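Asker: fold the following and give me the result.
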Amino acid sequence: MYEVTSNIDSTRLAAKVVMKASLKRTRARDKLKSEIAIHRSLQHERIVGFVSVFEIDSYVVIILQLARGGTLMDKV
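Answerer: This is a model prediction of the structure:
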C-alpha cells in the first residue's frame, strides 16, 4: 500500500499496487477481480471505501480511502 494524493482535490488516499506478472494464474486474477467487486459493493463507515481501479504498464492500481493507524492485524 502507498499513500497518495488525489490530483483532483488533494485528498489523501491509499493505493494498492499489484504487479500484472503476479496475475498469470487464473486463480490470482479471479481473486483480484473478486476483491475489487467486493470493495465496490461495500459502503459502511467502518470499511475502507473504494475509489477507483486502473491499469498502467505492468500494474493494476486499486485506489481506496486512506485509513491511518496501521493494519487490522496490528490491532489484534
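Asker: and the helices in this protein?
Answerer: For the chain, the helices defined by DSSP state H occupy 26-41, 72-75.
Asker: so which of those helices is the most packed in?
Answerer: For the helices of the chain, average neighbour numbers computed from mean count of other CB atoms under 10 Å are highest in helix 26-41, which has a mean of 12. Heads up, the C-betas are built off the backbone N, CA and C, glycines and all.
Asker: what's the mean pLDDT across that helix?
Answerer: In this model, helix 26-41 has a mean pLDDT of 95.
Asker: tell me the bridge partners for the residue most central in space within the chain.
Answerer: Note on the chain: the residue nearest the mean C-alpha position is Ile62, at 3.5 Å, using CA atoms, centre = their mean. Beta-bridge partners of Ile62, counted by DSSP bridges, are Lys16, Val53.
Asker: residue ranges with poor pLDDT in the protein?
Answerer: 70-72 (pLDDT under 70).
Asker: now what about stretch 2-12, what contacts it?
Answerer: Contact partners of stretch 2-12, identified using CB atoms under 8 Å, 6 or more residues apart in numbering, comprise 13-15, 17, 63, 66.
Asker: which of these count as buried?
Answerer: 13-15, 63, 66 (16 or more other CB atoms under 10 Å).
Asker: which of the residues you listed sits closest to Lys33?
Answerer: Ile63 (16.2 Å; CB to CB).
Asker: in a markdown table, list the helices of the chain along with distance to Val4.
Answerer: Output for the helices of the chain, formatted as a markdown table (distance: least, CB to CB, whole Å):
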| stretch | distance to Val4 |
| --- | --- |
| helix 26-41 | 16 |
| helix 72-75 | 21 |
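Asker: now do the same contact list for the residue lying closest to Ser58 once chain neighbours are set aside.
Answerer: Among residues not flanking Ser58 along the chain, Lys20 sits closest, at 5.1 Å (CB to CB, 6 or more residues apart in numbering). Contacts for Lys20 were tallied using CB under 8 Å, 6+ apart; they are 55, 58-60.
Asker: between those residues, which has the most around it?
Answerer: In terms of neighbour count, Val60 stands highest of the contacts of Lys20 at 19 neighbours, by other CB atoms under 10 Å.
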